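Enquirer: got a predicted structure plus its sequence, pasted below:
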Amino acid sequence: MSPVANSNGQRYCGNVPLDWCGNGGRRLAAHGGYCATVLMMTAQQYYQDQNGGQGNMEPLNMSVEYLEPLPQGQFEIALETLAIGKRTSTVEARLRSLEAHQDKVCTIAIVRLGILKDEGHVTNIQPSVWPLPDRTKDCTRWSDASYYYMNPPASTIRTYTPSGKNAPLWSEGFGGQNTRYQWVKLDNEKEFGLEHLPVLADLVPPIFLNYAENGMEAASDWGIPTTALNIMFRSEVTPQEWLLTRTTMKRLHGGRFDMNIEILNEDGKLLASCVQICSVIPLGKAGFQNTGKL
């Protein structure tokens, strides 16, 4: 991201590449996780630029609202410091397209920055309440060309899911119909960092497909835009080749559903937890009858 000239460091600009756009709604738009990461990393850059690079402030948590689809091309981010302190500071970031509806905010994020590294003042506790699938023994690779066509950013990761008759969506042995596990790695052989986690959270296929009669094929019947994403970073993120996501849903109702996503490393350490809200928009004569009662 580059600072905008004569903006007093309050605005930054960038470009959405075509391969980070998808058809989550009714028209081609930037991937929601891509927008979240751009806002998060720009907020961190802005804070460092405004404070002379002092302090090691990293994102602690972020709340994102998607207001308008962001088209491919040039965009601008306006930033404002809402609160500043010794241990945490809060920044608001507003993303606007320079290609269309320039007077409208496409995405807005509130980012809290602070010290993510454990300083050892409090004993860490992470309750373990569910078994994790072994990547080599329990899982097989999932690949779906039609899904990648609809959502090109999904092809940036390799995905492995528990084997079985309900694969790749869910497994009786690992959580049942309302749970989805996915082992993932970057397709370019690089390692995951903090900046990848919002993207990864928004790359999980819609979990309500677990209840569709034709499973993953039902994805083409619906527009499923992300409308909100809240993420809390739970641990310091060191470079990782593999990550595991565990996703559940509370309810699909009134054309909206939630996805509760936990991101863990290979050792089972919780790195981030997310709540994603999505809309479900019928395309053509699509119908979804077998939703179950959630």
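Expert: Cool, got the structure. The shown structure was predicted, so the numbers you read here are calculated from the model rather than taken from an experiment.
Enquirer: ramachandran angles for Pro131?
Expert: phi -80, psi 150 (degrees, to the nearest 10).
Enquirer: burial count for it?
Expert: Counted by other CB atoms under 10 Å, the residues lying close to Pro131 total 11. The way it works is simple: take the backbone N, C-alpha and C, and place the C-beta from them, glycine included.
Enquirer: that one against Ser171, yeah?
Expert: No: with contact defined as CB atoms under 8 Å, Pro131 and Ser171 do not form a contacting pair (10.8 Å).
Enquirer: next, Gly33: phi, psi?
Expert: Backbone geometry at Gly33, expressed as degrees, to the nearest 10, gives phi -70, psi -40.
Enquirer: and the nearest residue to it once chain neighbours are set aside, what does it touch?
Expert: Counting by CB to CB, 6 or more residues apart in numbering, the nearest residue to Gly33 once its immediate chain neighbours are dropped is Asp202, at 3.0 Å. Going by CB atoms under 8 Å, 6 or more residues apart in numbering, Asp202 touches His31, Gly32, Gly33, Tyr34, Ala36, Thr226, Leu229, Gln276.
Enquirer: of all pairs in those residues, which one is the farthest apart?
Expert: By the measure CB to CB, Tyr34 and Gln276 form the most distant pair in the contacts of Asp202, at 14.1 Å.
Enquirer: of the two, which one has the most company?
Expert: For Tyr34 and Gln276, the more surrounded residue by other CB under 10 Å is Gln276, and the numbers stand at 27 against 22.
Enquirer: beta partners of the more buried one?
Expert: Applying DSSP bridges to Gln276 yields these beta-bridge partners: Leu229, Met259.
Enquirer: my read: it touches Pro225, true?
Expert: No: between Gln276 and Pro225 there is no contact, the gap being 11.0 Å when judged by CB under 8 Å.
Enquirer: need the helices for the stretch 1-150 of the chain, in chain order.
Expert: 32-50, 145-150 (DSSP state H, counting those that start in this stretch).
Enquirer: low pLDDT regions in this protein?
Expert: For the chain, residues meeting the criterion pLDDT under 70 lie at 24-26, 53-55, 101-102, 129, 285-294.
Enquirer: again, only this time at 50
Expert: 289-294 (pLDDT under 50).
Enquirer: and it, what are its domains?
Expert: Split into domains by automatic domain parsing, the chain comes to 1-115, 131-294.
Enquirer: switch the ones you listed over to CSV; also include distance to Asn124.
Expert: Listed next are those as CSV, based on distance: least, CB to CB, whole Å:
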stretch, distance to Asn124
domain 1-115, 15
domain 131-294, 9
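Enquirer: for Thr123, find the nearest of those.
Expert: Using CB to CB as the criterion, the shortest distance between Thr123 and those is 14.3 Å, found for domain 131-294.
Enquirer: from the chain's centroid, how far away is that closest one?
Expert: Averaging C-alpha positions (CA atoms, centre = their mean, to the nearest Å) puts domain 131-294 10 Å from its chain's average.
Enquirer: distance of the closest residue in space to Leu116 that isn't next to it in sequence relative to Ala43?
Expert: Closest residue to Leu116 in three dimensions, ignoring its sequence neighbours and counting by CB to CB, 6+ apart: Glu58, at 4.3 Å. Relative to Ala43, Glu58 is positioned 11 Å away (CB to CB, to the nearest Å).
Enquirer: out of the two, which sits in the more crowded spot?
Expert: Neighbours around Glu58 and Ala43, counted as other CB under 10 Å, are more numerous at Ala43. The numbers are 28 against 17.
Enquirer: can you pull the contacts of that one?
Expert: Going by CB under 8 Å, 6+ apart, the list of residues near Ala43 reads Pro59, Leu79, Val91, Ala93, Ala109, Val111, Leu113.
Enquirer: do I have it right that the fourth one meets Ile108?
Expert: Yes: checked against CB under 8 Å, the pair Ala93 and Ile108 is within contact range at 7.1 Å.
Enquirer: which of the two has more neighbours?
Expert: Ala93 (25 against 17).
Enquirer: what's across from that one in the sheet?
Expert: The partner list for Ala93 in beta bridges (DSSP bridges) reads Leu79, Ala109.
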